[in-house]
Structure formats: C-alpha cells, structure tokens
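Q: test case, fold it:
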Amino acid sequence: MAETPDLEQREKDWLAEQPEEDSPEEKTDEEIQKLEEEKQKKAEEETLESTTVAKRKGYRLFIYGANFMKTPEMMAKFTWEDKVTQTTGLIYKNGTMVAAQIPDLGAEVPEGEHLVSVDLSLDGQQFSANGVKFLYKSVDPNLTEEELKKMDEEDAKGAKKPGGKKK
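A: Predicted structure coming up:
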C-alpha cells in the first residue's frame, strides 16, 4: 500500500494544468534564438520517438500545438487506416499542450505495430485534419496486467540495447 500516495499524486499531476513558459522579456535575441532552437530540437526528438517506439492502450500522450482553449467538449480522435476510430476526452494542460490516454482500438486492429493518427476537437464535433501519427501496439486483449508489464519491460530492454560493436 506504500505506492498509493505516489499513484494518487501521479494522477493529480496528470489531470493538472501546467504553466506555459514565461515570455522571454528579459532575454537577449541570442538567448531567445537558443531557447527556440532547443525547443525545436526537443519537438523533433519527441516526434521521432512517437513514430519509432510503439505505445499501447492506456499509455498517455502529450500533444503540442498553439492556441488551445479549455472546453468541456475537448476530444481526441484516434484512427487506424480509416477503418477503426475511437474518441477520448482531452486533458487541457495549457495553451500549447493537451494530453490524452490512448484508448483500446479493439480487435479489428490486428496484433502488432501500426501507425495511428490523432486529430483534436475543441467542441467535440469538428476535428483537425492534421492526423498527427504515432506508433500503436495492438496486443492480445486476454493478456493480464502482469503480462503487459513484462512485455513493456522487454520492449524497453530492446530499445536500450546498443548496436553491435564493430571490430
């Protein structure tokens, strides 16, 4: 039971809004340029990670953009090959970030890794047409939580293995 406070705090953090970065009023143009380059590099790394490291149902995604408004109707639509679509609520983090938990896309999506697109809606009716994609891992729905954790650990080990040494 020692984990309960940590789990509760993690859930509170997940649901909480996050402050946006302060405007760089006190910074020089050179410092602003450097910050922008760092943000761009981080965005590129996260984009690459989202299409090379598979995520399964229940994983949490952060989606970056601009001018997000907090509305009770905010939704994300997850689509696989225009055959399967699931929607889920969005969590407003700030004007440049929202979050969503990946829903179960069901048995129609074969087991394995697939590109899935995400579109956003502030009113629950009209969705963006950007179709930002991420790598989704469809798993056997009969797997237990323990089996899923073991699979995640094995995937993490595989992702961390360095390439073979050249002699």
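Q: lowest average confidence, helix or strand, in the chain?
A: Least confident helix or strand, the chain: helix 145-160 with a mean of 76, by mean pLDDT, DSSP states H and E.
Q: need the contact partners of that helix.
A: For helix 145-160, contacts defined as CB atoms under 8 Å, 6 or more residues apart in numbering pick out V53, A54, R56, K137, V139, L143. All C-beta spots, glycine's among them, are computed from the backbone N, C-alpha and C.
Q: tell me the pLDDT of the first one.
A: Per-residue confidence (pLDDT) for V53: 81.
Q: count the neighbours of it for me.
A: The local packing of V53 (other CB atoms under 10 Å) involves 14 other residues.
Q: one more: the third one?
A: Burial of R56, expressed as a neighbour count using other CB under 10 Å, amounts to 19.
Q: got the contact list for it?
A: Contacts for R56 (CB under 8 Å, 6+ apart) come out as I102, Y136, K137, S138, V139, L148.
Q: and those, which two are furthest apart?
A: Y136 and L148 (14.5 Å; CB to CB).
Q: quick one: which of those two has more around it?
A: With neighbours defined as other CB under 10 Å, Y136 and L148 compare such that Y136 has more, 22 against 15.
Q: what about the strands in the protein?
A: For the chain, the strands defined by DSSP state E occupy 60-64, 75-80, 84-89, 91-94, 97-101, 112-121, 132-138.
Q: for L15, find the nearest of the ones you listed.
A: Using CB to CB and comparing those, the one that lies nearest L15 is strand 91-94, at 6.1 Å.
Q: name the residues of that closest one that are buried.
A: For strand 91-94, burial by neighbour count (16 or more other CB atoms under 10 Å) applies to I91, Y92, K93.
Q: make CSV from these and add pLDDT to it.
A: Listed next are the buried residues of strand 91-94 as CSV, based on pLDDT from 0 to 100:
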residue, pLDDT
I91, 93
Y92, 94
K93, 93
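Q: beta partners of K137?
A: E113 (DSSP bridges).
Q: how about K55?
A: Counting by DSSP bridges, K55 forms beta bridges with Y136.
Q: would you mind measuring from it to K70?
A: Counting by CB to CB, to the nearest Å, the separation of K55 from K70 is 25 Å.
Q: more neighbours: the two, which one.
A: Neighbours per residue (other CB under 10 Å) separate K55 from K70, with K55 holding more: 17 against 14.
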